[in-house]
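A.B. asks: Sequence first, then the predicted structure, then my questions.
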Amino acid sequence: MQASRMTPPLSAAHSTQFVRPDRVVNDFSIQVATVNGSGSQTANNVLMRSIFQMGVPVSGKNLFPSNIAGLPTWFTIRASSQGYIGRKKEVDFVVAMNPETAREDVMNLLPGAAAVYDAPLKLNELRDDLHFYPVPFDALVGPVCPDAKLRKLVRNMIYDGVVAHLLGIDLEQVRKALFKQFGERKRKAAELNWGAVTAGKDYAEQHLAKTDPFRIEPMDSTAGKLIIEGNTAAALGCLFAGVTVLTWYPITPSSSLAEALITYLARFRRDPETGKATYAVVQAEDELASIGMAIGAGWAGARSMTCTSGPGISLMSEFVGLAYYAEIPVVLIDVQRVGPSTGLPTRTMQGDSFSNAFLSHGDTMHPVLFPSSPEECFTMAQEAFDLAEFFQTPVFVNMDLDLGMNNWMSEPFPYPEKPIERGKVLTAEDLERLGGFARYKDVDGDGVPYRTLPGTPHPKAAYFTRGTGHNDNATYSEREDDWIKGVDRLARKFETLRSRAPQPEAVDAPNASIGLICTGTSRYAVEESCDQLSREYGIPASRLRIKAFPFSPSIGEFIDRHDRVYVVDQNRDAQLLMMLRLELSPERIARLRSVRYYGGLPLDARTVTDSIVSQEGL
Amino acid sequence: MSAAPSLPKKLNRAGLEIIPYRGSKTTLCAGCGHNSITERLIEAFWELGVEPWRVAKLSGIGCSSKTPAYFLSQSHGFNAVHGRAPTVATGTLLANHQLMCVVVSGDGDTASIGIGHFMHMLRRNVPLIYVIENNGVYGLTKGQFSATADLGSKLKTGTVNQLHPVDCCLAGIEMGATYIARSFSGDKRQLSAILKGAIAHNGLSIIDVISPCVTFNDHEGSTKSYAWMKDHDEPLHEVDFVPSFEDISVEIEEGESRVVRLHDGSRLLLHKLERDYDPSNKIHALEVLHEAERRNEVLTGVIYVDRNRPNFTEMLDLVDQPLATLPEARVRPTRAVLDQINEEFR
């Protein structure tokens, strides 16, 4: 079930009797192996975008080390005419630029795959069952890049030209993608790089005879769509949620979310008349401070947030318990990475489901949202703020590195329809009319009390916020009955939230006796796996994607409609399954099975399918 | 209820009696220095006529951190997490930079568990009043040394402190706070003037108040006891505070007193004792503190004032209206902006 090693591609030993057709159109994966810090990211993004611009559904996965320069990195582009955008295990077309990994990169390919490589590496001597394309990159880069210092960066653009020629990618689309990537301000750099692309194309045209079956042909499946990273999408969600305070501490893989948001705030949230900021951003001294500041700001009425990853969440634990018990709104976006400890900082995992749902000591429970796509990063960021302010509680948004840091196709983001929800906040006029208020009293029967903001000009506005025991009036209390009343109301509030949180999305297959349940980015592997099960094994499989904790009652109903339900987890301990077990009846629990992957790479469909097939005894 | 006619009530500039400036009854030990500091805070806010609803009072955890419940009952209060009140207070001011923020903390809060936050609050010059109720011990956990305990100071158990103390005033000067004072909970006049100066100051005020713990650190051998302070308190000057609204011309004798003008027009008068002391000289401020330490003296008074450094919310260049209450139209960009952004990713 789990990958045995951290570097792709996965062993070819998995597959048996693999026969390739003569033509493979828009349905294969390209892997580019380079050295970190060599500027390959630009070349890879241009390649991915070129395919996207030809109307072919595409996804890109960057597998990078925790390092600035020098260690191996792989970028995998998957083209899929059927629109599968999860990771695909098998690599069909490799571009081997890194001498350190080239041998392994080629040895792991399935027979019939293709390899573009740096000619001096002589990889063609290793195997005789692949399509080899040697390219003398050093000889080609000299003439197109007179400045020796830039050659290391420009060199990688040559493979874009080679690959485009071999796969039939429209050069005009490569040019367009390249100039978009560099932007108007870097036109000179774009011209230089375009020279390298052309040199690669010319070389391929004159010296390489195509023997492999892989081709990109125009389609019409990406019109109107965007290509965007999940972190950028989440940042935009926060921007349109009306965030006013962001406090954060740099940590991979969430830093780029904060940085994107900072850029957008500077662009779009300055007062048009005075030029002053309608937001505050603080890079704090640590995660304890970032959550402390976010809580202070939430208490005083800001739409406040922090973003972090697992190690930061661990540090925030005490403060989150305070915000839960003292009832302070705050949004925490967790871009999950592999843990425990420093773990694998640049690899993906859904490892914080359990810890976030129950973060801190004592009786605590927190809502957790599980976005699966850039669109959901955008919409759920807004929902998180609305829920936090209405329910006066910390709300987690559990993204993961795969979603946050990889490029995804996305529908354009919809403008928010609903007005911003600011929750039950009493003004001085309200207090005058009511004659006062009790901070923690359940007036409406939904468990959600009323609050006032510091600075409200009324003698009855103030109350004392504390993490120690308190009664309805926010007065210090160690009384047994006050404590129980308080935490019972918090539990009631959580029940109200259950129906207000985003509801699951279920797709029932006709006559299906098995179902799959997942959260977040596991959806891509799960959707493709359902098709594999049906196509390859004749087993119809339903699927349900959970979008939030506390769980919706409809999850139980989905389980009732199936004999066996596979809960898909991207962690060793089956955290999603554990959480479901806490809420379900023994009859329903008995139907649950587990599919787990925890090797740090984005989940792929074959892993899910193989596990289910094995458990089904097929 | 008696029907006797009541005496006319004494009101401050805001038209308020002193009652709303008081809080609930203290639960600290009788004779605790912290209670005196609470009294001075009540007086200072009442006498200057600060409307209670403009104030947010915050604290961490510990004996000192209980005290915000004992003053300004009509101000929002927040008893947060041990050592981390600076972060919560910073966030509070981000949401509403028009609030006047007072943080009461202890030496455990400030110099141990929260020293990282303390340092960064100093760097940022967060505009708030930070009072350290410094007694050299952990009270609520029954008398362990804190990081401000002096070298050679003795616990009741006989344990002698061998570690160098953290001097919060030195840290404050070095790291960027802009109003730094040390006082003694038993010096009513000095503490009152210093607190009023802090209320008038626009920037971070660090007020380190030696505040004896009568239960765990007031014995022979303690350097934070009433007796020790009686013998070792070394005032830099006599301090008077003249509020901006009191239109008094003050007679200053050349070379005898210094006038420190504060942001709101108030003035601190520093009357010379043994020497002339200029609180705007950073290097000198550091020198006198080190020198006092060498002589086993506790130097008190207004040690350093910098009126020029911008405070943290000024640096953030915020709109005038608090971020907390900005309407939707000012915080959610338009549909056209979203269209533009969508187009950039196509």
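C.D. replies: It's in.

A.B. asks: interface residues of the stretch 51-200 of chain B facing chain A?
C.D. replies: B:51-54, B:56, B:58, B:68-69, B:73-81, B:84, B:86-96, B:98-99, B:116-117, B:119-120 (CB under 8 Å from any CB of the partner chain). To be clear about C-beta, it is placed using only N, CA and C from the backbone, and glycine gets the same treatment.

A.B. asks: In PyMOL, how would I select the buried members of these?
C.D. replies: Typed into PyMOL, the line below selects the buried ones among those, using 16 or more other CB atoms under 10 Å in any protein chain shown:
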select buried, chain B and resi 51+52+53+54+56+58+68+69+73+74+75+76+77+78+79+80+81+84+86+87+88+89+90+91+92+93+94+95+96+99+116+117+119+120
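
A.B. asks: if you look at the residues of the stretch 51-200 of chain B next to chain A, which of them are in strands?
C.D. replies: B:56, B:58, B:76-79 (DSSP state E).

A.B. asks: Let's have the residues you listed in a markdown table, adding distance to residue A:574.
C.D. replies: Formatted as a markdown table, those follow (distance: CB to CB, whole Å):
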| residue | distance to residue A:574 |
| --- | --- |
| B:56 | 45 |
| B:58 | 42 |
| B:76 | 44 |
| B:77 | 44 |
| B:78 | 39 |
| B:79 | 39 |
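
A.B. asks: What does residue A:80 show for phi and psi?
C.D. replies: phi -140, psi 110 (degrees, to the nearest 10).

A.B. asks: So residue B:270 lies in a strand, does it not?
C.D. replies: Yes: according to DSSP: H, G, I helix; E, B strand; the rest coil, residue B:270 belongs to a strand.

A.B. asks: wait, what's in contact with it?
C.D. replies: Residue B:270 sits next to B:236-239, B:257-260, B:277, B:279, B:301-302 when contact means CB atoms under 8 Å, 6 or more residues apart in numbering or on different chains.

A.B. asks: so what's it bridging to?
C.D. replies: residue B:239, residue B:258 (DSSP bridges).

A.B. asks: Can you show me the strands along the stretch 201-346 of chain B?
C.D. replies: For the stretch 201-346 of chain B, the strands defined by DSSP state E, counting those that start in this stretch cover B:205-210, B:233-235, B:237-242, B:257-261, B:267-272, B:298-305.

A.B. asks: most packed of the ones you listed?
C.D. replies: strand B:205-210 (a mean of 27; mean count of other CB atoms under 10 Å in any protein chain shown).

A.B. asks: Report the secondary structure state of the spatially most central residue of chain A.
C.D. replies: Nearest residue to the geometric centre of chain A (CA atoms, centre = their mean): residue A:403, 1.7 Å. Three-state call for residue A:403 (three-state DSSP): helix.

A.B. asks: Any figure for the gap between the spatially closest residue to it that is not a sequence neighbour and residue B:115?
C.D. replies: Distances taken as CB to CB, 6 or more residues apart in numbering or on different chains place residue A:230 nearest to residue A:403, at 3.8 Å, with adjacent residues excluded. Noted for residue A:230: a distance of 37 Å to residue B:115, by CB to CB, to the nearest Å.

A.B. asks: neighbour count winner among the two?
C.D. replies: residue A:230 (32 against 16; other CB atoms under 10 Å in any protein chain shown).

A.B. asks: tell me the contacts of the more buried one?
C.D. replies: By CB under 8 Å, 6+ apart, the neighbours of residue A:230 are A:335, A:371, A:373-374, A:377, A:399, A:403-406, A:408.

A.B. asks: sorry, back to before: what sits against the residue nearest to the centre of chain A?
C.D. replies: So residue A:403 contacts A:230, A:335, A:371-374, A:377, A:520-521 (CB under 8 Å, 6+ apart).

A.B. asks: Of those, which is the nearest to residue A:457?
C.D. replies: Nearest to residue A:457 among these, counting by CB to CB, is residue A:377 at 38.8 Å.

A.B. asks: Distance check, the closest one against chain B.
C.D. replies: Note on residue A:377: its distance to chain B, by CB to the nearest CB, to the nearest Å, is 13 Å.

A.B. asks: Run through the neighbouring helices and strands of the helix or strand hosting that residue.
C.D. replies: Using DSSP states H and E, residue A:377 maps to helix A:374-391. On a contact count with 3 or more CB pairs under 8 Å, 6 or more residues apart in numbering or on different chains; DSSP states H and E, helix A:374-391 meets strand A:226-229, helix A:230-241, strand A:330-338, strand A:368-369, strand A:394-400, strand A:407-410, helix A:480-500.

A.B. asks: How about the third one and chain B, any contact?
C.D. replies: No: no part of strand A:330-338 sits close enough to chain B to count as contact by CB under 8 Å from any CB; the gap is at least 9.2 Å.

A.B. asks: Please work out the average pLDDT along the next helix or strand after that strand.
C.D. replies: The element immediately downstream of strand A:330-338 (helix or strand, assigned by DSSP H and E) is strand A:344-348. Mean per-residue pLDDT for strand A:344-348: 97.

A.B. asks: Kindly report the same for stretch A:142-151.
C.D. replies: 92.

A.B. asks: where do the strands sit along the stretch 51-200 of chain A?
C.D. replies: A:58-63, A:72-80, A:93-96, A:114-118, A:131-135.

A.B. asks: what's near enough to touch residue A:358?
C.D. replies: A:364-366.

A.B. asks: Which single one of the residues you listed is nearest to chain B?
C.D. replies: Of all the contacts of residue A:358, residue A:364 has the smallest distance to chain B: 14.5 Å, by CB to the nearest CB.

A.B. asks: sorry, back to before: roughly how far does the residue nearest to the centre of chain A sit from chain B?
C.D. replies: In terms of CB to the nearest CB, residue A:403 sits 16 Å off from chain B.

A.B. asks: Spatially nearest residue to the residue lying farthest from the centre of chain A, not counting backbone neighbours?
C.D. replies: Distance from the C-alpha centroid of chain A peaks at residue A:435, with 48.0 Å (CA atoms, centre = their mean). Spatially, and ignoring its direct neighbours in sequence, residue A:435 is nearest to residue A:460 (7.3 Å; CB to CB, 6+ apart).

A.B. asks: Next, count neighbours for the one you found.
C.D. replies: 18.

A.B. asks: quick one: it and residue A:433 touch, right?
C.D. replies: No: under the criterion of CB atoms under 8 Å, residue A:460 is not in contact with residue A:433, lying 11.0 Å apart.
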